[in-house]
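Undergrad: got a predicted model here, sequence first, then my questions.
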Amino acid sequence: MAIRKLEYCFSNLQNNGTGLVFDTIAREFPHIEQRRWACLGNCSECFKKPFVIADDREIVAASTPPELLDKLRNAIETPIG
């Protein structure tokens, strides 16, 4: 599994639909740690589109929540190495 942890900004959860992503990941991949923060310090990204930070280092963004969910599903299911 390539992703172990996902972090979300509250504003992005509420305004850009990543709440759908959070809930779906929790249901489909309960072993993935998910955290919600007041701010992730990526305001320019946050106002534009759905995004998460994967494993404390990589911003994963998409035009829509379903597209972000697809990207995350693929990354979670892709083995490392």
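TA: Received the coordinates, thanks.
Undergrad: neighbours of Ala61, how many?
TA: Other residues within reach of Ala61, judged by other CB atoms under 10 Å, total 18. Where C-beta positions appear, they are placed from N, C-alpha and C, glycine not excepted.
Undergrad: and what of the one 3 residues further on?
TA: Residues near Thr64, counting by other CB under 10 Å, number 13.
Undergrad: any idea how far the nearest residue to it once chain neighbours are set aside is from Glu67?
TA: Nearest non-adjacent residue to Thr64, counting by CB to CB, 6 or more residues apart in numbering: Pro50, 6.7 Å away. Distance of Pro50 to Glu67, given as CB to CB, to the nearest Å: 8 Å.
Undergrad: higher neighbour count, those two?
TA: Each of Pro50 and Glu67 has its neighbours counted (other CB under 10 Å); Pro50 has more, 27 against 14.
Undergrad: residue contacts, that one?
TA: If a contact means CB atoms under 8 Å, 6 or more residues apart in numbering, then Pro50 has 12, 16-18, 21, 61-65, 67-68 as its contacts.
Undergrad: buried subset of those, written for PyMOL?
TA: In PyMOL, this line selects whichever of the contacts of Pro50 come out buried by 16 or more other CB atoms under 10 Å:
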select buried, resi 12+16+17+18+21+61+62+65+68
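Undergrad: which outside residues touch the lowest-mean-pLDDT helix or strand in the chain?
TA: When the helices and strands of the chain are compared on mean pLDDT, DSSP states H and E, helix 43-46 comes out lowest with a mean of 82. Outside of helix 43-46, the residues within contact range by CB under 8 Å, 6+ apart are 9, 11-12, 16, 40, 51, 59, 61.
Undergrad: could you dump the residues you listed into JSON lines and include distance to His31 and secondary structure?
TA: Output for these, formatted as JSON lines (distance: CB to CB, whole Å; DSSP: H, G, I helix; E, B strand; the rest coil):
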{"residue": "Cys9", "distance to His31": "22", "secondary structure": "strand"}
{"residue": "Ser11", "distance to His31": "27", "secondary structure": "helix"}
{"residue": "Asn12", "distance to His31": "23", "secondary structure": "helix"}
{"residue": "Asn16", "distance to His31": "25", "secondary structure": "coil"}
{"residue": "Leu40", "distance to His31": "22", "secondary structure": "coil"}
{"residue": "Phe51", "distance to His31": "22", "secondary structure": "strand"}
{"residue": "Ile59", "distance to His31": "22", "secondary structure": "strand"}
{"residue": "Ala61", "distance to His31": "23", "secondary structure": "strand"}
